[in-house]
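Engineer: have a look; sequence and predicted model below, questions after that.
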Amino acid sequence: MKRRGYNLREERPVDINLSPLIDVVFLLLIFFLVTAVFVQETGVDIETPRALSARDADRLSLQIALTRDGRIVSAGRDIPMNSVRALVRQRMRTRPVPVLIQADADARTGLLVELYDECKRGGAEQVLISASREARP
């Protein structure tokens, strides 16, 4: 009588097809790249004033920096004061978001008020001024 079953001497090579796995990985990569939200930083280091009432701002906000020497910077580019209104107006057309002004603690208050006013005139409904959470010593 013959035994039925597998013959242990016959070994077939095992092939693992990696094409479907690679396809799924690329599809996931494309999905995450398309749905990712990239934050545009101002491009300069600012020492913000400290306040106990500070809270986290929206990551999608339009960020504008006011340096201690009076420069206005957004997305790594210097912007003259008379171009701020057009920049805000353009951004509000595509997607209305809050404007976050990151003013240096030693920046002139007059420039900060003028920058705030230009953002409001550009159509920004919400203009926020950045501050750190800790209280000043």
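Structural biologist: Thanks, I have it.

Engineer: report the buried residues of stretch 77-88.
Structural biologist: Neighbour counts over stretch 77-88 (16 or more other C-beta atoms under 10 Å) mark 79, 84-85, 87-88 as buried. C-beta here means a position set from N, CA and C on the backbone, and glycine is covered the same way.

Engineer: state the mean pLDDT of the longest helix out of those in the chain.
Structural biologist: The longest helix of the chain (DSSP state H) is helix 19-35. For helix 19-35, mean pLDDT is 89.

Engineer: kindly report the same for stretch 86-98.
Structural biologist: 86.

Engineer: send me it as PDB with only the CA atoms.
Structural biologist: Taking C-alpha atoms only, stretch 86-98 is exported to PDB below (Å, rounded to 0.1, in the frame of the first residue of the first chain):
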ATOM      1  CA  ALA A  86      -2.100  92.800  -0.700                       C
ATOM      2  CA  LEU A  87      -0.400  89.700   0.800                       C
ATOM      3  CA  VAL A  88      -3.200  89.300   3.300                       C
ATOM      4  CA  ARG A  89      -5.900  90.000   0.700                       C
ATOM      5  CA  GLN A  90      -4.500  87.300  -1.600                       C
ATOM      6  CA  ARG A  91      -4.300  84.700   1.200                       C
ATOM      7  CA  MET A  92      -7.900  85.500   2.400                       C
ATOM      8  CA  ARG A  93      -9.200  84.900  -1.200                       C
ATOM      9  CA  THR A  94      -7.800  81.400  -1.400                       C
ATOM     10  CA  ARG A  95      -8.500  80.300   2.200                       C
ATOM     11  CA  PRO A  96      -9.600  82.600   5.100                       C
ATOM     12  CA  VAL A  97      -7.300  81.900   8.000                       C
ATOM     13  CA  PRO A  98      -6.200  84.000  11.000                       C
END
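
Engineer: many thanks, I have nothing further to ask.
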